[in-house]
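Trainee: Please find the sequence and the predicted model below.
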Amino acid sequence: MSNWIAISTTIHERPEVQALAEILGLSEDAVVGLLVRFWAFADRESVDGLIEFIGKKQIDAIVKRQGFADAMERVRWANFDNEGIHVPKFDRWMGQSAKRRQQDARRKQQERKRKAVGQ
């Protein structure tokens, strides 16, 4: 766990964000803010995408928006069961290995740009 999370620069264009905005009656920008708060919490509290002993009411309180947890489940960005909450694709976006992959990819991209400019 660290003090940053990855977020796509086109997150506001995702169909799931559009659906969340409609379900919650918010703008896409407001939804992205709620998602950042949620994903930051998930990144702090989980190593594998499972946050035990937490339910929808707690998630709604964490992001400060009633109905957020239900909406996340509707767009399949969260699954709730007796264990707690499961965050799909957690290993792709969060956790140390995902962050290392993202940093490596960015470093390689910058290196390629430097080489192209030098040619």
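Mentor: Sure, I can see it. Numbering: from 1, shown residues only.

Trainee: List the contacts of the helix or strand containing Asp43.
Mentor: Remark: Asp43 resides in helix 28-45, with elements defined by DSSP states H and E. The contact list for helix 28-45, computed with C-beta atoms under 8 Å, 6 or more residues apart in numbering, reads 1-2, 5, 7, 11-12, 17-18, 20-21, 24, 26, 49, 51, 54, 59, 62-65, 68, 72, 85, 87, 90, 93-95. Backbone N, C-alpha and C define where each C-beta goes, glycine included.

Trainee: Just the buried subset of those residues, please.
Mentor: Buried subset of the contacts of helix 28-45 (neighbour count, 16 or more other C-beta atoms under 10 Å): 5, 17, 20-21, 24, 26, 49, 51, 54, 59, 62-63, 65, 68, 72, 85, 87, 90, 93-95.

Trainee: Gln58 versus the residue nearest the centre of the chain, what's the distance?
Mentor: Centroid-nearest residue in the chain: Trp39, 4.1 Å away (criterion: C-alpha atoms, centre = their mean). Applying C-beta to C-beta, to the nearest Å, the value for Trp39 to Gln58 is 15 Å.

Trainee: So which residues of this protein form helices?
Mentor: Taking DSSP state H as the criterion, the chain contains helices spanning 15-24, 28-45, 56-63, 68-74, 90-93, 95-118.

Trainee: Which other helices and strands does the fourth one contact?
Mentor: For helix 68-74, the helices and strands in contact under the criterion 3 or more C-beta pairs under 8 Å, 6 or more residues apart in numbering; DSSP states H and E are helix 15-24, helix 28-45, helix 56-63, strand 79-81.

Trainee: now do 6 Å
Mentor: helix 15-24, helix 56-63 (3 or more C-beta pairs under 6 Å, 6 or more residues apart in numbering; DSSP states H and E).

Trainee: hmm, who's touching the shortest one?
Mentor: Pointing back at helix 56-63 there. When contacts are defined by C-beta atoms under 6 Å, 6 or more residues apart in numbering, helix 56-63 is touched by residues 34, 37-38, 41, 66, 68-69, 80.

Trainee: who wins for most neighbours among those?
Mentor: Within the contacts of helix 56-63, most neighbours by other C-beta atoms under 10 Å means Phe68, with 25 neighbours.
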